[in-house]
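> The sequence isn't on hand, but the structure is:
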């Protein structure tokens, strides 16, 4: 049975000792423990360390935003602190610890880069580096790492107002980066060029955030940059795979990652994509009666912003499109995501990107019929499977095109929720 939903009265009684909520760890105490493990290293205004490299651009107050470098109080090979590509075997606590080590010296800046000063220029140099860069920051006060008494708070590192920032060594900047940044390329073209040249998306996200891409260059809040880059790459991959032949069978993939269950269904049909997501009872945003949220697209793509699943949609879609491009095949894909109580702290959409990618490397089987494939998925998910089918546009669309008996055979799931022929 799933754990009860978050309840402030319950937390007051429990105080993290009894785990009355049913979670494997107390999300609030976990953050306090992480803070205590790093606070001695952060107890100073003047910091010297090797930035992974990493920067952050906030969205609050746009077009006047918070921007700053992220510098840990340690030197050397620090890229693992802010590189999701290195986190596939890490725990949530590992990620909280990494975030807590990255000190942000924040300053206000206008998003129009033309109005930037020396410090922003240094931040942009940092953003272009592909290796950690020795950096020095001077803060107005000792950095504060706040622990909000809420399991909904995302992991945020320590921060303080920035007085000065300087790179103490030359950043390693690839020639191709210099070319894209200095050329009059539109942001979409710049993103596509960099991706096709082999730069990973997190590097591209950093460049976009720092106001280095596009004709009319502007700072872009980090959260917006993640979605923009993943969406842009995804659109280009979609256009490419539409020319490929279909896969031959119904394929099912599954993986558990950081308290999330990911099931992927690929069908031998023309391209379309859908994400079905459920926050189970007892999970961060779970309700007593969890609902399936979803977004989808067909071969034409989407004309409007993703309404329900937000950044998770673009992250999951990109992993599916990359896998199809690698095989030079086309398919209709549905990703099922179940968030369990074990996902006790939100760590970002990177874990969705990586979770779906890992699922696609873990095949459950190939099936001749859709019914067999759906049955394989049903056995691995907790939420009533009929509720997924009721909410799914792609599976519902198939039902409207043909009778369910034609598609699924005799032993089928009807969209009304009842199981027939059993």
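Perfect, thanks for sending it. Keep in mind that what you see is a predicted model, and the values were worked out from it rather than measured.

> what's the single longest helix in the protein?
The helix that spans the most residues within the chain, counting by DSSP state H, is helix 222-241.

> list the helices and strands that helix packs on?
With contacts taken as 3 or more Cβ pairs under 8 Å, 6 or more residues apart in numbering; DSSP states H and E, helix 222-241 sits against strand 55-57, helix 187-196, helix 201-209, helix 311-327. In short, each C-beta sits where N, CA and C put it, glycine included.

> if you set the cut-off to 7 Å instead, what comes out?
helix 187-196, helix 201-209, helix 311-327 (3 or more Cβ pairs under 7 Å, 6 or more residues apart in numbering; DSSP states H and E).

> quick one, the next helix or strand after that helix and helix 311-327 angle?
Note on helix 222-241: by DSSP states H and E, the next helix or strand toward the C-terminus is strand 250-257. Orientation check (axes from the mean of the first three to the mean of the last three Cα atoms, to 10 degrees): strand 250-257 against helix 311-327 gives 130 degrees.

> will you turn the helices and strands packed on helix 222-241 into TSV that also has mean neighbour count?
Formatted as TSV, the helices and strands packed on helix 222-241 follow (neighbours: other Cβ atoms under 10 Å):
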stretch	mean neighbour count
helix 187-196	19
helix 201-209	23
helix 311-327	23
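
> what's the closest of these to residue 236?
helix 187-196 (5.4 Å; Cβ to Cβ).

> The closest one to helix 222-241, inter-axis angle?
70 degrees.

> packing partners for helix 187-196?
helix 175-182, helix 201-209, helix 222-241.

> could you dump those to a markdown table with mean pLDDT and distance to residue 82?
Formatted as a markdown table, the helices and strands packed on helix 187-196 follow (pLDDT from 0 to 100; distance: least, Cβ to Cβ, whole Å):
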| stretch | mean pLDDT | distance to residue 82 |
| --- | --- | --- |
| helix 175-182 | 94 | 18 |
| helix 201-209 | 97 | 8 |
| helix 222-241 | 96 | 11 |
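
> before we move on, back to that, redo the helices and strands packed on helix 222-241 as a markdown table? Include distance to residue 343.
As requested, these are exported to a markdown table (distance: least, Cβ to Cβ, whole Å):
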| stretch | distance to residue 343 |
| --- | --- |
| helix 187-196 | 29 |
| helix 201-209 | 21 |
| helix 311-327 | 12 |
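
> what's the pLDDT at residue 12?
According to the prediction, residue 12 has pLDDT 50.

> is it fair to say residue 166 lies in a strand?
Yes. According to DSSP: H, G, I helix; E, B strand; the rest coil, residue 166 belongs to a strand.

> With adjacent residues omitted, what lies nearest to it?
residue 136 (5.1 Å; Cβ to Cβ, 6 or more residues apart in numbering).

> Can you read off the pLDDT for the residue nearest to residue 378 when sequence neighbours are not counted?
Spatial nearest neighbour of residue 378, chain neighbours left out: residue 385 (4.1 Å); criterion: Cβ to Cβ, 6+ apart. With respect to pLDDT, residue 385 scores 94.

> could you measure residue 385 against residue 160, distance?
Going from residue 385 to residue 160 by Cβ to Cβ, to the nearest Å gives 50 Å.

> One more: residue 171?
23 Å.

> my read: residue 160 touches residue 144, true?
Yes. In this structure, residue 160 is within contact of residue 144 by Cβ atoms under 7 Å, at 6.4 Å.

> Which one's more surrounded, these two?
Here residue 160 and residue 144 are compared on neighbour count by other Cβ atoms under 10 Å; more neighbours surround residue 160, at 21 against 10.

> what's near enough to touch the residue most central in space within the chain?
Nearest to the mean C-alpha position of the chain, counting by Cα atoms, centre = their mean, stands residue 349 at 1.4 Å. Shown in contact with residue 349 (Cβ atoms under 7 Å, 6 or more residues apart in numbering): 226, 311-312, 315.

> for the helices and strands packed on helix 222-241, which one sits closest to residue 264?
Nearest to residue 264, of those and by Cβ to Cβ, is helix 311-327 at 6.8 Å.

> remind me which residues of the protein are low pLDDT?
1-24, 27-37, 115-116, 147-154, 398-422 (pLDDT under 70).

> Which residue ranges of it form helices?
8-14, 27-38, 92-101, 118-128, 175-182, 187-196, 201-209, 222-241, 311-327, 350-359, 370-378, 385-391, 393-401, 404-408.

> Can you lay out these as a markdown table showing distance to residue 248?
Shown next, in a markdown table, are the helices of the chain (distance: least, Cβ to Cβ, whole Å):
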| stretch | distance to residue 248 |
| --- | --- |
| helix 8-14 | 51 |
| helix 27-38 | 45 |
| helix 92-101 | 38 |
| helix 118-128 | 44 |
| helix 175-182 | 38 |
| helix 187-196 | 28 |
| helix 201-209 | 30 |
| helix 222-241 | 16 |
| helix 311-327 | 11 |
| helix 350-359 | 20 |
| helix 370-378 | 13 |
| helix 385-391 | 24 |
| helix 393-401 | 18 |
| helix 404-408 | 17 |
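
> Identify whichever of these lies nearest to residue 72.
Closest approach to residue 72 among the helices of the chain (Cβ to Cβ): helix 92-101, 4.5 Å.

> I'd like to know which of the helices of the chain lies nearest to residue 247.
Closest to residue 247 of those, according to Cβ to Cβ: helix 311-327, at 7.7 Å.

> Next, the angle from that closest one to helix 201-209.
130 degrees.

> ok now helix 311-327, how far from the chain's centre?
12 Å (Cα atoms, centre = their mean, to the nearest Å).

> Could you tell me which residues make contact with residue 356?
By Cβ under 7 Å, 6+ apart, the neighbours of residue 356 are 262, 264, 316, 319-320, 335.

> For the residue nearest to residue 378, the count of nearby residues, please.
Residue 385 - counted by other Cβ under 10 Å - has 19 other residues nearby.

> Any figure for the gap between it and residue 375?
9 Å.

> Ok, residue 386 next?
In terms of Cβ to Cβ, residue 386 sits 13 Å off from residue 375.

> swap in residue 143?
53 Å.

> Compare these two and say which is more crowded by neighbours.
Neighbour count, other Cβ under 10 Å: between residue 143 and residue 375, residue 143 has more, with 23 against 17.

> which ones are touching the closest residue to that one other than its chain neighbours?
Leaving aside its chain neighbours, residue 143 sits nearest to residue 158 (3.8 Å; criterion: Cβ to Cβ, 6+ apart). Residues in contact with residue 158 (Cβ under 7 Å, 6+ apart) are 42, 100, 103, 143-145.

> same thing but 6 Å
42, 103, 143-145 (Cβ atoms under 6 Å, 6 or more residues apart in numbering).

> Thanks again, I'm all set now.
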